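# Next one to model:
(2 chains)
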Amino acid sequence: MFYLNGITNSFILKLLSTSFGIFIFLTIITNYLNSIFKKRIFIIRNLYLLKYMKIGDVMKTPTLLKNNFNKITGEMPFSKPTTPVVPIDLNTFPTTHSFGYEKTFYIDPAETITASVYPAKAILFDNGAFLSDKLRDSMRVPGDLQPVRTMVKARDFGLDEYVFAYLGVHEYYYTQCRASNTPAFGAFFPADLDRTMPDSNVTLYDLQSSNAAPYQPEEMTLYPDDARSITSNEIHNKYGSDFFNYWICDDYVVNDFIDDNKWMQKREFHYKEKVDVSNLAAILWPLDLSYSPGSGPTIKTSTLVEIVEFQRQYPSIEIYKYLWINAEGYDRFTFASYLIGKDIFELGRLPSQRDFNDKFKKQFPAPVF
Amino acid sequence: MVVEDIQFVVTHFYRRSPYVNGWIQADFITQIEGLNENHYYIGTPRIRAMINKESEDFEYKVLQSPIDLNKIHDDIKNGSLMELPSERNIVKGESIWITPDQSVYIANSYDPDKGRQVLVYTDNVSNPYSIINHTVTKLLQSDSITNFGLVLNPYLSKEYWQILLSIILKNLTGNKIKESAFYKIGFIFPELDRKYGIAFTKLMNELNAAYSNNGLLRFQLEFEFVTWSIMKPDYEDRRNLYKILATSRYFKTHRVAIEVIDTAKIELETELF
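Model prediction:
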């Protein structure tokens, strides 16, 4: 008996030494206090959650994830189920991930010398995968002077172990964050990843968003299916049942201009560790313009070479090429992404290349080179 | 405010590595004349008319959406954003272009030959990139063989080797280095590999000189081949190298190398048939 108690005690001590164990312990205590005082006392547990709860712990707590869904749909007006409107099915809709061609940064303390790295090449060719921040950090070599992304809240919550994507149109501004400042690429992650990637999860907003400020990250964490369901309700409640109001993110109009980055207000999907490029449903590829005095404008040779190489390696991935003009970067990138989203929504499939090109050129007429 | 009357002023541009074969566009930041001096925008925000959302009210709201000042400060601090010495007007249809020697122009977005070309920035002569770029260019144009090592050795130091490597690779992939010059300048690859090891490998990958660590090996092999083939043009021994080269990804994107491969293919075909 004493021996068994020893094992039990040892197990409890080990459990309590982990953050997950402490969370469970505090939940039990909180529930006990709730039953005594007949009212909800979350103070103790929430104080703990504020400092220690990580995404890994959340994912081990199905009841918490389900409670989040129930709480959000119960308390947040935009997410409440609506009847008798037929829900918009977002279960097969891809998520979006934006990245830039080049990042430039200082490499000397005196801030006089710059160097560049090339995220698109790193993702599409070197790594063949979109990597989580944590994985990328682990691959840094001593002396690597590239600035590290901050994303303090996400790191604190453990989301640096995940690749991010959004249920909404690609956004140019996002590609500019942290000195990523040149032609914008847009990946479409297939909805299948929700189910095939282990521990896929979603936060209601980007954690830095002003919308997220009143909540703890774990209170906003959802299963992907639930997140898509909330989005479906949101489209009815907040965007007048107009999918494109939601997808194209015209929060400017609908929300009377919230001073926030629009992607931050979308569901933020997280895929554990890495997403292989071979999984992509499609990619938006900017055609970078080059000009030589006397011989006029052309598409950069290196851009074409890279596209050919990508096609060779991933023949089944649709590449939607669009002419990149920096002064119109936001519009061009967003519109290209919108065209693809529109056909997926209306036709249930990706647009044909010809269709995409025709519509894009109609919106952005360009001289023929 | 009527949209057509809005006057944009360029205040900053985002740095890019210059492209050896021509001018390339860069992002820039604008202000609007007569509006809040703390409001900055990316590019010249075209007033979007997507999905029938066009309205003056909407336009006005877009212009009330400046980018975060903290982001501007961050980007200047980390080196990606450069403030122009003086503000310049820019009109719809124009972009910022960066030339191979890092001069910055305002010119037509599609074709700088059409319309004005306004020089708004030239790289400071004290910038190490400019100095090394100038040195390498001069060396490549020179017929001398002997002074390459002497001139380039100072740039193999830890402060400058990354710049030197990026410049040489830009010239190499841009077909600015002839086979004979490649032989002369190629010594820096094994030298940098010896001195900086994994950091060198990583930068080579980032600069697209090799698609993987294995690619780096290919690159070294190819370098060996080019130098060796110039020194010892022995057909029998070259045959095996041709076979390796024919499957090399790096060489496929390298114009000098394509010529070599083409020659190799002809020779192989002659032998086989």
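# any idea where the helices of the stretch 51-200 of chain B begin and end?
Secondary structure of the stretch 51-200 of chain B (DSSP state H, counting those that start in this stretch): helices at B:56-63, B:69-78, B:128-141, B:148-152, B:161-173, B:179-185, B:188-206.
# mind showing which ranges of the chain have poor pLDDT?
This is for chain A. A:1-20, A:22-24, A:26-27, A:30-31, A:33-52, A:83-87, A:172-181, A:249-261, A:366-369 (pLDDT under 70).
# wait, I meant chain B there
B:1-5, B:46-65, B:123-127, B:142-150, B:172-184, B:186-187, B:190, B:204-273.
# Show me it divided up by domain.
B:3-121, B:128-272 (automatic domain parsing).
# again with chain A
In the domain annotation for chain A, the residue ranges read A:2-52, A:62-369 (automatic domain parsing).
# hey, which of the ones you listed is tucked in deepest?
Mean neighbour count, computed with mean count of other C-beta atoms under 10 Å in any protein chain shown, is highest for domain A:62-369 among the domains of chain A, reaching a mean of 18. C-beta here means a position set from N, CA and C on the backbone, and glycine is covered the same way.
# ranges for the strands of the chain?
You didn't pick a chain, so chain A it is. A:95-100, A:103-106, A:114-117, A:129-131, A:162-166, A:184-189, A:201-203, A:221-222, A:268-272, A:274-276, A:282-292, A:296-299, A:318-324 (DSSP state E).
# right idea, wrong chain: chain B
With strands called from DSSP E, chain B shows them at B:8-14, B:23-26, B:28-32, B:41-42, B:81-90, B:94-98, B:104-108, B:117-121.
# hang on, the earlier thing: TSV for the domains of chain A, including distance to chain B?
As requested, the domains of chain A are exported to TSV (distance: least, C-beta to the nearest C-beta, whole Å):
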stretch	distance to chain B
domain A:2-52	25
domain A:62-369	3
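# Which of those sits closest to B:V136?
B:V136 lies closest to domain A:62-369 among the domains of chain A, at 15.5 Å (C-beta to C-beta).
# from the chain's centre, how far out does that closest one sit?
Put simply, domain A:62-369 sits 6 Å off its chain's centre (C-alpha atoms, centre = their mean, to the nearest Å).
# Just give the number of residues close to B:H134.
13 (other C-beta atoms under 10 Å in any protein chain shown).
# same question but for B:D68, I mixed them up
There are 13 residues near B:D68, going by other C-beta under 10 Å.
# Could you dump the strands of chain B into a markdown table with distance to A:P214 added?
Listed next are the strands of chain B as a markdown table, based on distance: least, C-beta to C-beta, whole Å:
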| stretch | distance to A:P214 |
| --- | --- |
| strand B:8-14 | 35 |
| strand B:23-26 | 39 |
| strand B:28-32 | 32 |
| strand B:41-42 | 29 |
| strand B:81-90 | 33 |
| strand B:94-98 | 41 |
| strand B:104-108 | 45 |
| strand B:117-121 | 45 |
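# and those as TSV, adding mean neighbour count?
Shown next, in TSV, are the strands of chain B (neighbours: other C-beta atoms under 10 Å in any protein chain shown):
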stretch	mean neighbour count
strand B:8-14	22
strand B:23-26	24
strand B:28-32	23
strand B:41-42	21
strand B:81-90	16
strand B:94-98	25
strand B:104-108	21
strand B:117-121	16
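# Just put those strands in CSV and tack on distance to chain A.
As requested, these are exported to CSV (distance: least, C-beta to the nearest C-beta, whole Å):
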stretch, distance to chain A
strand B:8-14, 4
strand B:23-26, 4
strand B:28-32, 7
strand B:41-42, 7
strand B:81-90, 8
strand B:94-98, 4
strand B:104-108, 8
strand B:117-121, 9
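# Can you say which of those is nearest to A:N357?
strand B:23-26 (20.8 Å).
# what's the closest one packed up against?
strand A:282-292, strand B:94-98, strand B:104-108 (3 or more C-beta pairs under 8 Å, 6 or more residues apart in numbering or on different chains; DSSP states H and E).
# how about these in a markdown table, adding distance to A:A227?
Listed next are the helices and strands packed on strand B:23-26 as a markdown table, based on distance: least, C-beta to C-beta, whole Å:
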| stretch | distance to A:A227 |
| --- | --- |
| strand A:282-292 | 21 |
| strand B:94-98 | 39 |
| strand B:104-108 | 44 |
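# What distance do you get for A:T92 to A:L304?
The gap separating A:T92 from A:L304 is 32 Å, by C-beta to C-beta, to the nearest Å.
# got it, and B:P154?
37 Å.
# OK, contacts around the residue nearest to A:Q353 when sequence neighbours are not counted?
Using C-beta to C-beta, 6 or more residues apart in numbering or on different chains and skipping residues adjacent in sequence, the residue nearest A:Q353 is A:Y320, 7.0 Å away. If you count contacts by C-beta atoms under 8 Å, 6 or more residues apart in numbering or on different chains, A:Y320 has them with A:282-285, A:336, A:339-340, A:351, A:353, A:356.
# what about the helices in the stretch 51-200 of chain A?
A:55-59, A:62-75, A:119-121, A:133-138, A:152-157, A:172-176, A:193-196.
# Relative to B:E191, which of those is closest?
Shortest distance between B:E191 and the helices of the stretch 51-200 of chain A, using C-beta to C-beta, is found for helix A:119-121: 24.5 Å.
# Counting by contacts, list what the closest one packs against.
strand A:95-100.
# Dump the C-alpha coordinates for the strand it packs on into CSV.
Presented in CSV, the C-alpha positions along strand A:95-100 are these (Å, rounded to 0.1, in the frame of the first residue of the first chain):
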residue,chain,number,x,y,z
THR,A,95,-5.9,29.4,-46.2
THR,A,96,-3.4,32.0,-47.4
HIS,A,97,0.2,32.7,-46.5
SER,A,98,2.2,35.7,-47.9
PHE,A,99,5.9,36.1,-48.2
GLY,A,100,8.3,38.4,-49.9
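# From the contact counts, what lies against it?
Using 3+ C-beta pairs under 8 Å, 6+ apart, the elements in contact with strand A:95-100 are helix A:119-121, strand A:162-166, helix A:172-176, strand A:184-189.
# which residues touch it?
Contacts of strand A:95-100 (C-beta under 8 Å, 6+ apart): A:119-120, A:123, A:130, A:163-172, A:174-176, A:180-189, A:191, A:193, A:269, A:275, A:333, A:337.
# Would you agree B:P128 is in contact with A:A110?
No - counting by C-beta atoms under 8 Å, B:P128 does not reach A:A110; the two are 10.3 Å apart.
# which residues touch the nearest residue to A:L64 once chain neighbours are set aside?
Among residues not flanking A:L64 along the chain, A:V58 sits closest, at 6.1 Å (C-beta to C-beta, 6+ apart). Going by C-beta under 8 Å, 6+ apart, A:V58 touches A:64-65, A:201, A:218, A:221.
# Show me which pair in these is furthest apart.
Using C-beta to C-beta, the contacts of A:V58 reach their maximum pairwise distance at A:L64 and A:N201, which is 11.4 Å.
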